[in-house]
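Colleague: quick one: sequence and predicted model below, then my questions.
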Amino acid sequence: MTVSTTDFDTDLNEIATKFKRHVKVSDRTYRLKSYKQCFIGSEAVDYLVESGATLTREDAVEIGKAFMEMRLFEHVCRDHEFKDEYLFYRFLEGNERGSYKIDEQTGESIKWSNFLGVDKVDPSADHESWQPKLPQPDLEKINPKDRHVAKHVWPMDDYNTNLLNNVHPPEWQDPASTNKDGSSSYDLVVIGAGAGGLVTAAGAAGVGAKVAIIEENLLGGDCLNVGCVPSKAIIHSANLAHTVKGDVKRLEEAGIFVDPNAVKVDFEKVMERVRKIRTEISHHDSAERFSGELGIQVYIGRATFTSEKTIQVNGRTLHFKRAVIATGGYPTLIPMDGLKELHEKSTSVDPNDEPRPIVMTNETFFNMTKQPKKMVVVGAGVIGLELAQAMQRLGTDVTVLGRSGKVLPKEDQDMAEIVKQQMISDGVTFLLDVASYKNIELTGKVLENGYPEMKMTFLEKSQDKKVTLEFDALLVAAGRRPNVTGMDLELAKVDYDTKKGLLVNDKLQTTNPRVFGVGDCCSEFKFTHAADFMARTVIRNSLFFGKGKMSDLLIPYATFTSPEIASVGLYGKDLDEQGIEYRVFEKHFKDNDRAICDDKREGFIRFRVAAKKDTILGCSIVGEGAGNMIGEVTLAMESGTGLSALASVIHPYPTTSEVIRQSGDVYNKTKLTTTVKSLLRGIVQIQS
């Protein structure tokens, strides 16, 4: 190609405009596969040098990389950066995958900060504001499809506005339609951008599929926004506070003396850090990354099925070859008079009207900015206990209510009891004999922290009497339901149950063979890592005629209390119900040298092994770092490594993970029968 040399403006945008105008674009073929309207990397370098835009080919490559950063073009398979080679690249056309809306006056992307008003503070008030003095969103100016997000995420500080800019950009522009009738067609459409949906979309796009993802609320789902990430951030602060404030005796035994009265917990700073951590991580799940870097067409809106092969979002019809539903779940409120009304009031639009009652699920827990004096947690499962212990260690007086008489009911109860006793030592009160929850109401009193006081009445089983508690914060963590309604699944011929979720087979396929399910909406394993590997299975099954099975997934899980509990495989009660004979082998941390040195002696590891061989059927660990240790056991089970062989795995000394190897030693000792011992003694005597 002959190009006349011209003087290029130093502005990169000017160079990009001329580059796009002059580089030769045409349909090309490589290894029998056709690629429409693309250019060759080495020819593009030729143009940049010949036109005078750069002096060397190396500089031309750097400019090409800058163009890719500007989203001017990409490799046709998104496999390569820009290179001076025979590689095909294609220009990206306008709003191809969705984009921020541009403010016509400023020329900049519209962000959540555009909608923040001034502080609404009444200068005539004779008391301090009940809420932090932060800007509030002007809901009237916000697009109706974005308004619900502003109602449920607060405070609107820099961290939360940046979070929302990443995971729910306001005024997000849908991708340009791909068909003449205004509709779009895809190999795969994913509904829901939580962990399962994001992994499905990214994985499918990575192998060349044309993918769209639809999210009505926040990309990243529960894990990023209201689950794994923020909960571990607050647990980190709580454990630090406990070390210097609540575990003084242990510090003194180690020769360290701290005045616990001099240790102050700044709860506002704790929650600010939670928001900061969440925002730092959010780019990984952002609309910008998925549309720009991963090549996925992103829609922000509500998805509904219109047929077995079509979905509608924001008025656009999407045709799909395959679809994946990954809509997750949501927390449920318990039946109790007054609870629904107070919960609705807790998410009222304008927090400056009057103090919000702090009635929370995990979806609003991390909005707190002031520390409650007393908090009641309804539910003694994973979410309830993790957050109850964290709040107690940060200085809130916590009471946990339950109906089963147990904590962590799925775990072995002697292990769960270790966690419970530690929490009692921390100061948590347990009332686990609730027969029924009667009512909850405001007392009319507002505490110094600005939170309205509430009063709850419930009936205990054993005492057959009413109990009343007064507190200023309530966390309901008593169960979750799959999010499967409101999508017109009937039109797609997808069967579901409002309690169980989507009805899927072992290949995670729904009753519509084109539609698959992933994550909490169709599984009892409600964990981020479970959704991740379900997504990998669905990619193979939906796009490549795979035969992956949900039942083949070996899923470990952990509860991040202190001490932690982690498990993988079958519990003893599962084996008993299935009539499988097994043996149990244990090793306690009190006999582990590292645990003794660290003064973390609580807990033990328990292996459940086949009765007549060393096959590991299940394992549970309670103790410091249990969540990190369970991975080694999972690998052993996945690879078919028996407990006997684990005795030969050398671990660094001293480490708590030695209990895994030592459990193998315990197993191997059972093979030393009286006869074997006699034979070994005879061999030794002969040699001597």
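Modeller: Nice, I can see it.

Colleague: residue closest to the middle of the chain?
Modeller: Cys223 (1.9 Å; CA atoms, centre = their mean).

Colleague: show me the contacts for the nearest residue to Pro654 once chain neighbours are set aside.
Modeller: Excluding the flanking residues, the one nearest Pro654 by CB to CB, 6 or more residues apart in numbering is Arg594, at 3.8 Å. (C-beta placed from N, C-alpha, C; glycine too.) Neighbour list for Arg594: 654-656, 658 [criterion: CB atoms under 8 Å, 6 or more residues apart in numbering].

Colleague: which one of those sits closest to Ile616?
Modeller: Glu658 (17.2 Å; CB to CB).

Colleague: identify the residues contacting the closest one.
Modeller: If you count contacts by CB under 8 Å, 6+ apart, Glu658 has them with 592-594, 651.

Colleague: got a PyMOL select line for the buried ones in the contacts of Arg594?
Modeller: To isolate the buried ones among the contacts of Arg594 in PyMOL, judged by 16 or more other CB atoms under 10 Å, type:
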select buried, resi 655+656+658
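
Colleague: out of the contacts of Arg594, which is nearest to Gly405?
Modeller: Gly405 lies nearest to Thr656 out of the contacts of Arg594, by CB to CB, at 31.1 Å.

Colleague: Asn628 is in contact with that closest one, correct?
Modeller: No: using CB atoms under 8 Å, Thr656 is not in contact with Asn628, being 9.1 Å away.

Colleague: re earlier: who wins for neighbours among the contacts of Glu658?
Modeller: Among the contacts of Glu658, Asn592 has the most neighbours (other CB atoms under 10 Å), with 24 neighbours.

Colleague: can you map out the helices along the stretch 1-150 of the chain?
Modeller: 12-22, 41-50, 57-69, 144-152 (DSSP state H, counting those that start in this stretch).

Colleague: among those, which is nearest Lys101?
Modeller: Lys101 lies closest to helix 144-152 among the helices of the stretch 1-150 of the chain, at 10.9 Å (CB to CB).

Colleague: for Tyr571, which non-adjacent residue is spatially closest?
Modeller: Gly618 (6.0 Å).

Colleague: so that neighbour touches Val568, yeah?
Modeller: Yes: assessed by CB under 8 Å, Gly618 is found in contact with Val568 at 6.7 Å.

Colleague: report pLDDT for Glu581.
Modeller: At Glu581, the pLDDT value in this model is 97.

Colleague: should've said Leu543
Modeller: For Leu543, pLDDT reads 95.

Colleague: going forward, the N-terminal residue is numbered 648.
Modeller: Understood, numbering begins at 648; the last thing we discussed is Leu1190.

Colleague: that one and Tyr833, how far apart?
Modeller: Distance of Leu1190 to Tyr833, computed by CB to CB, to the nearest Å: 12 Å.

Colleague: the stretch 1048-1197 of the chain: helices as residue ranges?
Modeller: For the stretch 1048-1197 of the chain, applying DSSP H, counting those that start in this stretch gives helices covering 1060-1073, 1175-1190.

Colleague: list the buried residues of the longest one.
Modeller: By that I understand helix 1175-1190. Within helix 1175-1190, the residues scored as buried using 16+ other CB under 10 Å are 1175-1186, 1188-1190.

Colleague: just those residues now: which is nearest Thr926?
Modeller: Of the buried residues of helix 1175-1190, the one sitting nearest to Thr926 (CB to CB) turns out to be Thr1175, at 18.5 Å.

Colleague: residues contacting that closest one?
Modeller: By CB under 8 Å, 6+ apart, the residues touching Thr1175 are 842, 870, 874-875.

Colleague: go again using 10 Å as the cut-off
Modeller: Residues near Thr1175 by CB atoms under 10 Å, 6 or more residues apart in numbering: 841-843, 846, 868-871, 874-876, 1166-1167.

Colleague: now render those as a markdown table, adding secondary structure.
Modeller: Shown next, in a markdown table, are the contacts of Thr1175 (DSSP: H, G, I helix; E, B strand; the rest coil):
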| residue | secondary structure |
| --- | --- |
| Gly841 | coil |
| Ala842 | helix |
| Gly843 | helix |
| Val846 | helix |
| Gly868 | helix |
| Asp869 | helix |
| Cys870 | helix |
| Leu871 | helix |
| Gly874 | coil |
| Cys875 | helix |
| Val876 | helix |
| Gly1166 | helix |
| Asp1167 | helix |
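
Colleague: which of these tops the neighbour count?
Modeller: Highest neighbour count within the contacts of Thr1175: Gly1166, with 36 neighbours (other CB under 10 Å).
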